[in-house]
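Participant: Sequence first, predicted coordinates after that:
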Amino acid sequence: MAKHIAAIDQGTTSTRCMIFDHGGNVIASDQREHGQIFPQSGWVEHDPLEIWQRAQSVVVAALEKAQLNRTDLAAVGITNQRETAVVWDRKTGEPVYNAIVWQDTRTDQLIRRLARDGGQDRFRAKVGLPLATYFSGPKIRWILDNVAGARERAEAGDLLFGNIDTWLIWNLTGGVDGGVHVTDISNASRTMLMNLETLDWDAEIMEVMGVPRAMLPEIRSSSEVYGECRGALQGVPLAGDLGDQQAATVGQTCFEVGESKNTYGTGNFMLINTGEKLVHSKSGLLTTPAYKFGDNPTVWALEGSIAVTGSLVQWLRDNLNLISSAPEVEDLARKVDDNGGMFIVPAFSGLFAPYWRSDARGVMVGLTRYINKNHIARAALEATAYQTREVLDAMQQDSGVELKELKVDGGMVYNDLLMQFQADILGVPVVRPKVAETTALGAAYAAGLATGYWKNTDDMRANWAMDKRWEPRMSEDQREALYAGWKKAVTRTFDWLESTQNGV
């Protein structure tokens, strides 16, 4: 029996390959960044061919670092940035346009038009999502409407669509030479085109959105053998597929109703397991599949999506030159005891959960002559914690489940100041696992479960171990006073862009 599982984790800024053993330990890893393309304000693109090249190179490098070859792998799983749309030619494998990234807001006008008939929640009952630029369905429409000849080619069956998972799976399994065109329910649910009840593409919404069914992938479970890989992974079963946040939920072994995790990355994404019950949010959250393992019933979640958290630190580094590397933000923030009365609300591309306001734009409020760069650094970190509190409040309101502790993962969880403030502003403990890169681990678990490498969820849960725990220290009065200041600051972002409708 092969002794290891590989996971390809394709994220917003980089691609990595991680190799795990049966205990969920990282044996080797390789990671490489790809370019961020900003053609104009509000537009964000990636080169799909560059991403595919990065995926191939990190697989080779990780195997070399581990001193393994492909025959040592029982399976490979995929996890990916969700909602990022790729359209390509099935005969040549060439993308017809760059990938349009989840942060991109170019479909704002289309979203407004769609909202005129039924409002922002026009399709929510079917798809669990509000109308927003975030999701990939409208991005497909934009490509078909704006790339010469694309719509005709799509209707003729010559073009394929996929989120990044589908693009990688198709290429890994042969591309133009028999590549498998599939996605899993966690990724399909982020298009705004999948009906949550049927777990299939919705004919009515496809017609309204102007997306031909012929270009859409087959929707499969999150854990099954989709095909065999070619190239460097020749013969290795490709057996797991989860959107990044659902993968982190699996990696954190949140398999029981009420268990929750929060991932701190480019943005923040909190999910709470609602079991086999599909819960429709009344508080601005997304209803989404958490995972579906083979023929087992779908397990559902409520999700709170926050657009800008880690990318706010990148903004301090790249746009303001306040720091030269991301870890320096903690050093600056520690030089002051508090935020000095200022708040940063990073609504760079509008506000996601629980507001869904694409008319909002970022603000700094409460500025005085007393404020210095240390306060700005601290306010930037605190913004992540406040936004998480807003999502948690909405989750508890929707689910009726009171959170006992928050499992966290992602790059920012090594920032002790942020994690302590997070525990303080939530009023519950924050817990970091020993393997904090749970997104890749979740994809590995899905692939390993499909191939018998792990027997069941108990087998995976036995691997989870705590690395560090932060207990809340702040008084209730101080917590609520700070949070009230944040809520006031958020209102200052509203209506910056005019002529919106229904909050879109």
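Facilitator: Ah, there it is.

Participant: From now on I want contacts and neighbour counts done on CA atoms only, so please keep to that.
Facilitator: Will do.

Participant: Tally up the residues packed near E204, please.
Facilitator: Residues near E204, counting by other C-alpha atoms under 10 Å, number 11.

Participant: just use 500 as the starting number from now, easier for me
Facilitator: New numbering, starting at 500: the last item is E703.

Participant: and it, what element?
Facilitator: helix 702-708 (DSSP states H and E).

Participant: other SSEs contacting that helix?
Facilitator: On a contact count with 3 or more C-alpha pairs under 8 Å, 6 or more residues apart in numbering; DSSP states H and E, helix 702-708 meets helix 635-645.

Participant: Which elements pack onto the helix it packs on?
Facilitator: With contacts taken as 3+ C-alpha pairs under 8 Å, 6+ apart, helix 635-645 sits against strand 584-588, helix 649-654, helix 702-708.

Participant: most neighbours per residue, which of these?
Facilitator: Of the helices and strands packed on helix 635-645, the one with the most neighbours on average (mean count of other C-alpha atoms under 10 Å) is strand 584-588, at a mean of 25.

Participant: Run through who's touching it.
Facilitator: Strand 584-588 has contacts (C-alpha atoms under 8 Å, 6 or more residues apart in numbering) with 547, 593-601, 635, 638-639, 642, 657-663, 666.

Participant: Among these, name the ones in strands.
Facilitator: If you go by DSSP state E, the contacts of strand 584-588 have A598, I599, L658, L659, F660, G661, N662 in strands.

Participant: Could you give the bridge partners of the last one?
Facilitator: What it means is N662. Counting by DSSP bridges, N662 forms beta bridges with A584.

Participant: what's the pLDDT at it?
Facilitator: Predicted confidence (pLDDT) for N662: 97.

Participant: gap between it and T690?
Facilitator: The gap separating N662 from T690 is 8 Å, by C-alpha to C-alpha, to the nearest Å.

Participant: Can you pull the residues that touch both of those two?
Facilitator: Common neighbours of N662 and T690, using C-alpha under 8 Å, 6+ apart, are E582, S635.

Participant: ok, the two, which is more surrounded?
Facilitator: N662 (28 against 24).

Participant: Make sure that one is actually in contact with I684.
Facilitator: No. Between N662 and I684 there is no contact under C-alpha atoms under 8 Å: 11.7 Å.

Participant: longest helix in this protein, by residue count?
Facilitator: Of all the segments of type helix in the chain, defined by DSSP state H, the longest one is helix 872-898.

Participant: which ones are touching R877?
Facilitator: Taking C-alpha under 8 Å, 6+ apart, one finds V828, E829, L831, A832, R833, V835, D837, N838 in contact with R877.

Participant: so the third one, which of the three states?
Facilitator: To tie it back to what came earlier, the one meant is L831. helix (DSSP: H, G, I helix; E, B strand; the rest coil).

Participant: For it, give its distance to I924.
Facilitator: For L831 relative to I924 (C-alpha to C-alpha), the value is 20 Å.

Participant: who's more crowded, those two?
Facilitator: I924 (24 against 17).

Participant: okay, that one: pLDDT?
Facilitator: What the model reports as pLDDT for I924 is 96.

Participant: got a list of what it touches?
Facilitator: A884, Y885, R888, P971, M973, R978, Y982 are the contacts of I924 under C-alpha under 8 Å, 6+ apart.

Participant: Next: R972.
Facilitator: By C-alpha under 8 Å, 6+ apart, the contact set of R972 is A922, D923.

Participant: Quick check, pLDDT for D616.
Facilitator: D616 is assigned a predicted lDDT (pLDDT) of 88.

Participant: Quick check: it vs I704, distance?
Facilitator: When distance is defined by C-alpha to C-alpha, D616 is 13 Å away from I704.

Participant: Next, count neighbours for the residue lying closest to G541 once chain neighbours are set aside.
Facilitator: Distances taken as C-alpha to C-alpha, 6 or more residues apart in numbering put T604 closest to G541, at 5.3 Å, once the chain neighbours are dropped. Close neighbours of T604, defined as other C-alpha under 10 Å, add up to 22.

Participant: Next one, pLDDT for T604 please.
Facilitator: On pLDDT, T604 comes in at 88.

Participant: SS state for it?
Facilitator: Counting by three-state DSSP, the backbone at T604 sits in coil.

Participant: show me the contacts for it.
Facilitator: T604 makes contact with G541, W542, T632, Y633, S848, according to C-alpha under 8 Å, 6+ apart.

Participant: Can you check my assumption that the third one lies in a strand?
Facilitator: No. Following the definition three-state DSSP, T632 is coil and is not counted among the residues of a strand.

Participant: Isn't it up against R611?
Facilitator: No. With contact defined as C-alpha under 8 Å, T632 and R611 do not form a contacting pair (9.7 Å).

Participant: on that earlier part again, pipe the ones in strands among the contacts of strand 584-588 into CSV and attach distance to I843 per row.
Facilitator: Listed next are the ones in strands among the contacts of strand 584-588 as CSV, based on distance: C-alpha to C-alpha, whole Å:
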residue, distance to I843
A598, 30
I599, 27
L658, 43
L659, 41
F660, 37
G661, 35
N662, 32
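
Participant: where's G523 relative to A573, distance?
Facilitator: 14 Å.

Participant: again, but for N597
Facilitator: Using C-alpha to C-alpha, one obtains 33 Å as the distance from N597 to A573.

Participant: Name the residue in those two with the higher neighbour count.
Facilitator: When N597 and A573 are compared for neighbours, A573 comes out ahead with 21 against 18, by other C-alpha under 10 Å.

Participant: does the more buried one count as helix, strand or coil?
Facilitator: Secondary structure assignment for A573 (three-state DSSP): strand.

Participant: And the one 5 residues further on, by the same measure?
Facilitator: Reducing the assignment to helix, strand or coil with three-state DSSP, the entry for T578 is strand.

Participant: bridging residues for it?
Facilitator: Beta-bridge partners, per DSSP bridges, of T578: D508, L741.

Participant: what about it, how many residues close to it?
Facilitator: Neighbours of T578 (other C-alpha under 10 Å): 31.

Participant: so what's it up against?
Facilitator: So T578 contacts 506-509, 664, 740-743, 746, 938-939, 942 (C-alpha under 8 Å, 6+ apart).

Participant: One more: V600?
Facilitator: Here V600 is in contact with V543, E544, H545, E582, T583, A584 (criterion: C-alpha under 8 Å, 6+ apart).

Participant: Pick the one among those closest to L948.
Facilitator: Minimum separation from L948 among the contacts of V600 (C-alpha to C-alpha) is found for E582, which lies at 25.4 Å.

Participant: Let me have the helices and strands packed on helix 635-645 in JSON lines, extended by distance to T514 and mean pLDDT.
Facilitator: Converted to JSON lines, those look like this (distance: least, C-alpha to C-alpha, whole Å; pLDDT from 0 to 100):
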{"stretch": "strand 584-588", "distance to T514": "16", "mean pLDDT": "97"}
{"stretch": "helix 649-654", "distance to T514": "28", "mean pLDDT": "94"}
{"stretch": "helix 702-708", "distance to T514": "31", "mean pLDDT": "94"}
